[in-house]
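J.: below is the sequence, then the predicted model.
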Amino acid sequence: MIEKEKKFLGRHVVAVNPIVSEDFADLLVPIKSLQDFGTGYYSTNINHNYAILNIPVSEITPCSLGTYCYCEFPGCYTLQSYSVFEETGITRVQINPNFDLYGEGVLIGIVDTGIDYLHDAFINEDDTTRIVSIWDQTLDGFGTPPTGITYGTEFTREMINDALKSQTPLDVVPTFDGNGHGTMIAGIVAGRPNQESGFSGVVPRSELVVVKLKEAKRITKEVFSIREAALCYQETDIMMGVRYLETVATELNRPLVICIALGTNQGGHDGHTPLSRYLNQFQSRVGRFVTVAAGNEGNSKRHYSGTINVESQYTEFEFVVGKEDKNFFIEIWHINPERLGIELTSPSGERVNRINPGNNECVRKGFVFETTQLTVNNILAEQITGNQLILLRFANTLEGIWKIRLYNIDATYVQFNAWMPSGDIISNNTYFIMSDPSTTITDPGNTEDVLTITAYQLSNGGIWEEAGRGFTRFNYAKPDLAAPGVNIPCPVVGNRYSVMTGTGAASAVVTGIVAMVLEWSIVKRRTRNLNGKEIKAYLLRGARRTPGMEYPNDIWGYGKVDIYEMFQKLSDI
């Protein structure tokens, strides 16, 4: 690891980079609150509102979540994921000489697992790269990080072109996509056509700016009781990735659309996380846009919703724990002023006695007849939302059926929601018995101003059954639009082609469509420059809707995306 200038003022003096070191935990704190932590800690500003604060791991315990606020620990985000062009109106627009929209002059921002820059889909016919730059957060100490950022390595277009000329390109630019998810997403948006494979990205004349995320730190996973091998990415690194993409676009004076095919079940599913707030600000600017996958949690059985009537003292619900899922968390959210107490009963019949809400209390419970370790934070008012949050963190958990009893302390009507982790953090063998498929859009898909995309099948026109469903916890309309997301042709690592399924694939399709609108609006100057909110409104109005169906709804949002219909409605004005 590269040695750094000593940044610490107090007792913690180090010569390593705390933002990548496993010896330091990352907290996500408002800049105005940094002074509350005193001196002696390293911090990195993300934007004008938030900073990353590095705390030595030796100072972090499971009950540090209680000493520090829930929202100060970054969430962990997981991956989401033929006539697509005809279906969405792309072909009808692109073959029209009055439009000719293929993304020229527009930057596509990818915040994901990286990119296989050696793939033909990302190389021009003259053997030069279509990638403006790559920031690899995982290669700390190899080369120079981006300006104003203290970790990772930035690879410029010139460096990538030098690598493409080399017999050993990975010796010159050693970044690669070991997972393949980022390569597929980038290819669906902007891949160069390949006639033999019947493939083309939506906007093959656009250019790419890529962020390869580093995996979440071990301490972040430990705090939320996520197994060490689980693949997830920290909210802080995603926010830094967005900051980098915006900096590049500003320097080049180019419009930018970002595709975020990541999501988390952490947070209140209300669009109020720090990442959501950052994306709302980004979306309000001219020439800036964000598309987000709705997530693939609609059929996962990881959401439960319930109510407690005025006359009821409590309600009970059950969940199953699979034998392979030793470590995981459950979050229970509801809107104040009502208060909830909680009891749990394990499969062995051992009970955790009632825990009532408080401000900073953290209860750790060991079991007599089993190895389960439980940590409970019953937070009366979570800092960002002001809502009550009950956070349950399980370790070495006994498999079988568990029971939760929620007590209605104030004898008033209560409505609550509970979520388990998203993606591959747990297996399909851990789930709520009476689950609810609604309110299963992962964050940041619940962010108000971004364009949240669900997936449907071209073969039958029906919604993809795994797709997350709305609305948000506060009943705000999400998803926004539906796009084809099943068996979408894409490049894969190793200069091959395959297909991709998921709301991530659907969001990549719409990212390309947004790039077409930005090219029309800003690059070709066919109208005044549009900001993200305006472009979103145009696309919602142009959506294709089924007669007799009420819109927006929690499955389809405002309907199926159709850029041709969007332009048609603009011409009718």
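T.: Alright, I've got the coordinates.
J.: can you give me the helices in this protein?
T.: Along the chain, the segments classed as helices by DSSP state H run 64-67, 84-87, 90-94, 157-165, 169-172, 181-190, 218-223, 235-252, 274-283, 503-518, 532-541, 563-571.
J.: show me what the fifth one is packed against.
T.: For helix 169-172, the elements it packs on are helix 157-165, judged by 3 or more C-beta pairs under 8 Å, 6 or more residues apart in numbering; DSSP states H and E. Every C-beta, even on glycine, is put in place using the N, C-alpha and C of the backbone.
J.: cool, and the last one?
T.: Helix 563-571 makes packing contacts with helix 90-94, helix 503-518, helix 532-541 when contacts are defined by 3+ C-beta pairs under 8 Å, 6+ apart.
J.: Asn299 is nearest to which of those helices?
T.: helix 503-518 (12.2 Å; C-beta to C-beta).
J.: what mean pLDDT does that closest one get?
T.: Averaged across helix 503-518, pLDDT comes to 98.
J.: flag the shaky bits of the protein, pLDDT-wise.
T.: 1-15, 39, 81-86, 572-573 (pLDDT under 70).
J.: so which of the helices of the chain is nearest Thr447?
T.: Among these, the nearest to Thr447 by C-beta to C-beta is helix 274-283 (4.0 Å).
J.: list the buried ones in that closest one?
T.: For helix 274-283, a neighbour-count test (16 or more other C-beta atoms under 10 Å) marks 274-280, 282-283 as buried.
J.: same deal with stretch 32-45?
T.: 41-44.
J.: please export the C-alpha coordinates of that stretch as PDB.
T.: Only the C-alpha atoms of stretch 32-45 are listed here, as PDB (Å, rounded to 0.1, in the frame of the first residue of the first chain):
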ATOM      1  CA  LYS A  32     -20.900  20.400   9.700                       C
ATOM      2  CA  SER A  33     -20.700  17.600  12.300                       C
ATOM      3  CA  LEU A  34     -17.000  16.900  11.700                       C
ATOM      4  CA  GLN A  35     -16.000  19.200  14.500                       C
ATOM      5  CA  ASP A  36     -18.000  17.100  17.000                       C
ATOM      6  CA  PHE A  37     -15.500  14.300  16.600                       C
ATOM      7  CA  GLY A  38     -12.600  16.500  17.700                       C
ATOM      8  CA  THR A  39      -9.100  16.300  16.200                       C
ATOM      9  CA  GLY A  40      -7.100  13.200  15.500                       C
ATOM     10  CA  TYR A  41      -9.200  11.700  12.700                       C
ATOM     11  CA  TYR A  42      -8.700  11.700   8.900                       C
ATOM     12  CA  SER A  43     -11.600  12.900   6.700                       C
ATOM     13  CA  THR A  44     -12.400  13.200   3.000                       C
ATOM     14  CA  ASN A  45     -15.100  15.600   1.700                       C
END
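J.: and it, how far out from the chain middle?
T.: Centroid separation between stretch 32-45 and its chain, computed with C-alpha atoms, centre = their mean, to the nearest Å, is 26 Å.
J.: same thing with stretch 506-517?
T.: That offset, for stretch 506-517, works out to 17 Å (C-alpha atoms, centre = their mean).
J.: one more: stretch 405-412?
T.: Between the mean C-alpha location of stretch 405-412 and the chain-wide mean there is a distance of 33 Å, by C-alpha atoms, centre = their mean.
J.: name the residues that touch it?
T.: The contact list for stretch 405-412 (C-beta atoms under 8 Å, 6 or more residues apart in numbering) reads 306, 308, 310-316, 332, 337-345, 354, 356-357, 414, 416.
J.: please repeat the previous calculation with a cut-off of 10 Å.
T.: By C-beta atoms under 10 Å, 6 or more residues apart in numbering, the residues outside stretch 405-412 that reach it are 306-317, 332, 334, 337-345, 351-352, 354-357, 390, 414, 416, 418.
J.: and for stretch 60-69?
T.: Residues from elsewhere that reach stretch 60-69 (C-beta under 10 Å, 6+ apart): 24-25, 27-29, 33, 37, 53, 55, 59, 72-73, 219-220, 222-225, 358-364, 373, 375-379, 382-384, 391, 393, 395.
J.: and it, which residues are buried?
T.: For stretch 60-69, a neighbour-count test (16+ other C-beta under 10 Å) marks 60, 62-66, 68-69 as buried.
J.: picking that back up, in strands, which of the contacts of stretch 405-412 fall?
T.: 306-308, 314-317, 332, 334, 340-345, 351-352, 354-355, 390, 414, 416, 418 (DSSP state E).
J.: and those, which are buried?
T.: By neighbour count, with 16+ other C-beta under 10 Å, those hold 306, 308, 314-315, 317, 332, 334, 340-345, 352, 355, 390, 414, 416, 418 as buried.
J.: so Asn98 touches Arg92, yeah?
T.: No. Assessed by C-beta atoms under 10 Å, Asn98 is found out of contact with Arg92, at 11.5 Å.
J.: with adjacent residues omitted, what lies nearest to Ser459?
T.: Val486 (7.3 Å; C-beta to C-beta, 6 or more residues apart in numbering).
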